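My questions are about this predicted structure, shown below with the sequence.
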Amino acid sequence: MVENPMLTAVKRDTLGTRVSRRLRASGKIPCVLMHRKEKPAHLLIDAREFERVLKKGARILELTHPEGKDRVFIKEVQWDHLGEHVYHVDFVKVSEHDRLQLDVELVLKGKPVGVAEEGGVLDQYVKSVKIECESANIPDKIEVDVAHLKKDQHLLVKDIKPPAGVKLLQDPEVVIAAVTEHKVEEVAPAVAAAPGPVEPEVIKKEKEEEIPEEGAKKEAPKKEEKK
Amino acid sequence: MLMPKRVKFRKSQRSASTLRGVATRGNHVAFGDYGLMSLDRGWLSAREIEAGRVAATHMMGTEGRLYIRVFPHKSVTAKPAETRMGKGKGEPEYYAAVIKPGTILFEISGVAEDFAKQCLNALAHKMSIRTKLVSRKR
């Protein structure tokens, strides 16, 4: 059995946006540790250490915190807008036999016949699937063989064979991948001197505006001429 | 070049407020495997988007698929040269997409990582804003 990575957390006494910003600037990440109906514990972890663990693809960690040591599941990771720094992490205490619901990457294996021989393109519509499994048997990815796919054939969620102990929670009729015809871009013939700038159609109201009467124009006050 | 088919108003205000903040939508790679993310904010003209598309599709040939994730909805007006100020707003000159930091501009799927990087690099050279390459896998 593979050992889970270790992480150390310290207690976070001060809460709020300003404090959290300062903490992030000093290389810490605010996080919470939850467990069923217990009150969540506010903690702080080291940003570098956590990102190193995350790069390895870890889902379960051994978290050492002021109140002890727990086996935790990384429930959610919030990133900044450029996806460079972690903003916040949600941890949930789990035991080995707890069943979890999570998203796992879906990897297509092999080169389809429709691509290799018939000149099609393989499109993958579903990149990850939602599964339910025990916390001790979380798969890194789910592989699906697409080598047999011919042109205009597709693969559904129900065609996936999940590993033992893993249950798929996705709609079974959803198309995950298909081999389609490659669309060749049509080159438009060069148009000699376009008549004018092409503009989009302007959406107008159905009722046309009433044309002001001539009498109304005459009644308009005249400006006083400068002497 | 991309442009709206139907619009409610021909001319739009500059509206600097739409450029404020960071991208909260269209900020993750959704369709392809690799994407080009904007690091700056600004207007990306339809001409730039088209130039990028041509550069990438030229490199890709019949391989893979390119996704354009932004659309030039905004009309940008300009006054003709040597015209006195006043006499109303100018005529629509081009259409542009409003880009905030974190917006995914283009995506590529169905090609190897190295080749996808080359294609997106060629594409990035056509953009007037700073970009970075991102992948779906984090």
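That came in fine, so what should we check first?

For the residue in chain A positioned nearest to chain B, give me its contacts.
The minimum distance from chain A to chain B, using CB to the nearest CB, falls at residue A:81 (3.8 Å). In short, each C-beta sits where N, CA and C put it, glycine included. With contacts defined as CB atoms under 8 Å, 6 or more residues apart in numbering or on different chains, residue A:81 is in contact with B:22, B:23, B:24, B:27, B:101, B:102.

ok, and which of those reach chain A?
Restricting the contacts of residue A:81 to those touching chain A (CB under 8 Å from any CB of the partner chain) yields B:22, B:23, B:24, B:27, B:101, B:102.

what does the domain assignment say about chain A?
Recorded structural domains for chain A (assignment: automatic domain parsing) are A:6-94, A:101-181.

For residue B:37, find the nearest of the ones you listed.
domain A:6-94 (6.9 Å; CB to CB).

I'd like the average pLDDT over that closest one.
Mean pLDDT, computed over domain A:6-94, is 92.

measure it end to end?
Terminal residues of domain A:6-94 lie 15 Å apart, using CA to CA, to the nearest Å.

how distant is it from the center of its chain?
20 Å (CA atoms, centre = their mean, to the nearest Å).

got the CA positions of the longest helix anywhere in chain B in CSV?
Assignment by DSSP state H gives helix B:46-60 as the longest helix of chain B. C-alpha atoms of helix B:46-60 as CSV (Å, rounded to 0.1, in the frame of the first residue of the first chain):
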residue,chain,number,x,y,z
ALA,B,46,-11.4,40.4,-34.6
ARG,B,47,-8.3,40.8,-36.8
GLU,B,48,-6.0,39.5,-34.1
ILE,B,49,-8.3,36.6,-33.4
GLU,B,50,-8.4,35.7,-37.1
ALA,B,51,-4.6,36.1,-37.4
GLY,B,52,-4.1,33.8,-34.5
ARG,B,53,-6.5,31.2,-35.9
VAL,B,54,-4.8,31.2,-39.3
ALA,B,55,-1.3,30.9,-37.7
ALA,B,56,-2.4,27.9,-35.6
THR,B,57,-4.5,26.1,-38.2
HIS,B,58,-1.7,26.5,-40.7
MET,B,59,0.7,24.7,-38.3
MET,B,60,-1.8,22.1,-37.3
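
what about it, near chain A?
Yes: judged by CB under 8 Å from any CB, helix B:46-60 comes into contact with chain A at residue B:57.

Work out the gap between that helix and the centre of the chain.
That offset, for helix B:46-60, works out to 11 Å (CA atoms, centre = their mean).

what's the next secondary structure element after it?
Using DSSP states H and E, the next helix or strand after helix B:46-60 towards the C-terminus is strand B:65-68.

Can that following strand be said to contact chain A?
Yes: contact of strand B:65-68 with chain A (CB under 8 Å from any CB) involves residue B:65.

List every C-alpha atom in the helix or strand just after that strand, with coordinates, as CSV.
Per DSSP H and E, the first helix or strand lying C-terminal to strand B:65-68 is strand B:74-78. What follows is strand B:74-78, C-alpha atoms only, in CSV (Å, rounded to 0.1, in the frame of the first residue of the first chain):
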residue,chain,number,x,y,z
LYS,B,74,-17.9,45.1,-29.0
SER,B,75,-17.9,47.6,-31.8
VAL,B,76,-15.1,50.1,-31.7
THR,B,77,-15.6,53.4,-33.5
ALA,B,78,-13.1,55.8,-35.0
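
buried stuff in strand B:74-78?
By neighbour count with 16 or more other CB atoms under 10 Å in any protein chain shown, strand B:74-78 contains the buried residues B:74, B:75, B:76.

Over to stretch A:150-164?
A:151, A:153, A:155, A:156, A:157, A:160.

Please tabulate the residues you listed in CSV and include pLDDT as additional columns.
Formatted as CSV, the buried residues of stretch A:150-164 follow (pLDDT from 0 to 100):
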residue, pLDDT
A:151, 87
A:153, 91
A:155, 92
A:156, 93
A:157, 92
A:160, 91
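
now, which of these lie close to chain B?
Applying CB under 8 Å from any CB to the buried residues of stretch A:150-164, none is adjacent to chain B.

wait, which of these is closest to residue B:31?
Using CB to CB, those come closest to residue B:31 at residue A:155, 17.3 Å.

Name the nearest residue to that closest one, sequence neighbours excluded.
residue A:177 (4.8 Å; CB to CB, 6 or more residues apart in numbering or on different chains).

Also residue B:106?
residue B:36 is the one closest to residue B:106 (CB to CB, 6+ apart), at 4.7 Å.

In contact with that neighbour, which residues?
Contacts of residue B:36 by CB under 8 Å, 6+ apart are B:104, B:105, B:106, B:107, B:120, B:123, B:124, B:127, B:131, B:132, B:133, B:134.

ok, the closest residue to residue A:65 other than its chain neighbours to residue A:133 distance?
Distances taken as CB to CB, 6+ apart place residue A:9 nearest to residue A:65, at 4.4 Å, with adjacent residues excluded. Relative to residue A:133, residue A:9 is positioned 26 Å away (CB to CB, to the nearest Å).
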